[in-house]
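# Need a 3D model of the sequence below.
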Amino acid sequence: MIELKGIAKSWGDTTALQAIDLAIAPASFCVLLGPSGCGKSTTLRIIAGLESATSGQVLIDGIDVSHAAPSQRGIAMVFQNYALFPHLSVEGNIGFGLAVRKIPKIKRQQQVHEVAELLGLSALLARKPSQLSGGQQQRVALGRALVAGTKICLMDEPLSNLDAKLRQEMRHELRQLQQQLELTVVYVTHDQAEAMSMADQVVLLNHGRIEQDSPARQMYSAPASTFAARFIGTPPMNVVQLAKGCIAGSDVAVAAPPNAAQLGLRPECVRITQRPHEALCRAQVRALEYLGADLIVHCAIGTQTLSIRAHGAQPAQIGDWLPLHWLDVDRHFFNARGERIAQAMPLAAVAPMAAPELTAAA
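Residues are numbered from 1 along each chain as shown. Modelled structure (predicted):
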């Protein structure tokens, strides 16, 4: 198990991390997710021992390694740029760490060949990095991390230099390897698709703090804040302001907890209904994004905007008034500070069936 207790990091007046408390279970895939500058790579480097924390503890299997050298922590690391030696072959790159540790040549070759077979690199052992594709270079970097036999692997955006199709393939391969070898993986990315498709545990960081720490499904279905709600999902969750019991600038009434200031609705949960009696409100189309199978419809309700993920064949035009419907269970409420509020009452919405007077969308 990896544990961070009260980890903080600052450089002069700049604070990178603030009181990070985190527990990562053995043989799990943990993703540190967030925008650039949120502190995810700094957190990874502190776990690795490449950076020292200003305060707090790093524990691995209950042992405080806060002041231990990287080589004494029993971890391996895969970097964004792969860090391969151009003058060495694939075999030399994978076995470099073993050679430094003076592992006997026969044993070293055996370990390298076992890892190469696992990663589908056996036919490429004599090649130099310049003769490899991006995906093959990534596998070599991973092989170098795995060959030492460590059970903890840290990865800093290892797929960011690959094209979209190859990234998708490598996500699947990495997850399979992690499960097959029962590795504890800590993986840094800003890409929510990587996080949601691979992680057992997603840790979302924002300005050096943990915004939410949960399984991927919970991150999507029960975001802890408006930041989490907007970060996860494509398009992101609609977060509209409430005023006097209505969606701001409209007469669309919403029954909400007393301290609710914002209503969250995922675009895929807002439906354009063909049954007028189901309509909770009408919204005017302001913009359309055709994506083939899907159509993203951007609408205005009062002073608020709402995005809808509709079927690509949906006949919608700019200026149309659309009758909208959503389920009570799909609503999310947040207070004025953007913190999640437990839903405790059903929706009551009054929706005029004639097009209401539209206020310019914010």
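# What average pLDDT does stretch 229-243 get?
If you average the pLDDT over stretch 229-243, you get 94.
# Please save the CA atoms from it in PDB.
Only the C-alpha atoms of stretch 229-243 are listed here, as PDB (Å, rounded to 0.1, in the frame of the first residue of the first chain):
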ATOM      1  CA  ALA A 229     -18.800  17.800 -12.400                       C
ATOM      2  CA  ARG A 230     -17.400  20.000 -15.200                       C
ATOM      3  CA  PHE A 231     -14.100  18.100 -15.500                       C
ATOM      4  CA  ILE A 232     -15.600  14.700 -16.100                       C
ATOM      5  CA  GLY A 233     -17.800  14.100 -19.100                       C
ATOM      6  CA  THR A 234     -17.900  15.100 -22.800                       C
ATOM      7  CA  PRO A 235     -19.500  17.600 -23.100                       C
ATOM      8  CA  PRO A 236     -19.100  18.400 -19.400                       C
ATOM      9  CA  MET A 237     -22.100  18.600 -17.000                       C
ATOM     10  CA  ASN A 238     -24.400  21.500 -17.400                       C
ATOM     11  CA  VAL A 239     -24.300  23.600 -14.200                       C
ATOM     12  CA  VAL A 240     -27.000  26.200 -14.200                       C
ATOM     13  CA  GLN A 241     -27.700  28.900 -11.600                       C
ATOM     14  CA  LEU A 242     -30.900  28.800  -9.500                       C
ATOM     15  CA  ALA A 243     -32.700  32.000  -8.400                       C
END
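# gap between it and the chain center?
Centre-to-centre, stretch 229-243 and its host chain are 16 Å apart (C-alpha atoms, centre = their mean, to the nearest Å).
# and what of stretch 137-145?
Per C-alpha atoms, centre = their mean, the centroid offset for stretch 137-145 relative to its chain is 23 Å.
# which residues sit against it?
76-79, 82-84, 90, 93-94, 96-97, 112, 115-116, 118-121, 129, 132, 153, 158-159, 162, 170, 174, 177 (C-beta atoms under 8 Å, 6 or more residues apart in numbering). All C-beta atoms are positioned from the backbone trio N, CA, C, and that covers glycine.
# Please parse the chain into its domains.
2-221, 235-337 (the TED database).
# ranges for the strands of the stretch 201-350 of the chain?
For the stretch 201-350 of the chain, the strands defined by DSSP state E, counting those that start in this stretch cover 201-206, 209-214, 238-243, 246-247, 262-265, 271-272, 281-290, 294-301, 304-311, 321-325, 332-334, 340-341.
# returning to that earlier point: same list, the domains of the chain, but as a markdown table with mean neighbour count please.
Formatted as a markdown table, the domains of the chain follow (neighbours: other C-beta atoms under 10 Å):
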| stretch | mean neighbour count |
| --- | --- |
| domain 2-221 | 18 |
| domain 235-337 | 17 |
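# now those domains as CSV including distance to residue 228?
Listed next are the domains of the chain as CSV, based on distance: least, C-beta to C-beta, whole Å:
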stretch, distance to residue 228
domain 2-221, 5
domain 235-337, 9
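# Relative to residue 227, which of the ones you listed is closest?
domain 2-221 (5.4 Å; C-beta to C-beta).
# Between its first and last residues, how far does the closest one reach?
26 Å (C-alpha to C-alpha, to the nearest Å).
# now it: mean pLDDT?
Domain 2-221 comes out at a mean pLDDT of 90.
# Mind listing the residues bridging to residue 205?
residue 210 (DSSP bridges).
# Tell me who's in contact with it.
With C-beta under 8 Å, 6+ apart, residue 205 has these contacts: 32-34, 38-40, 43, 211.
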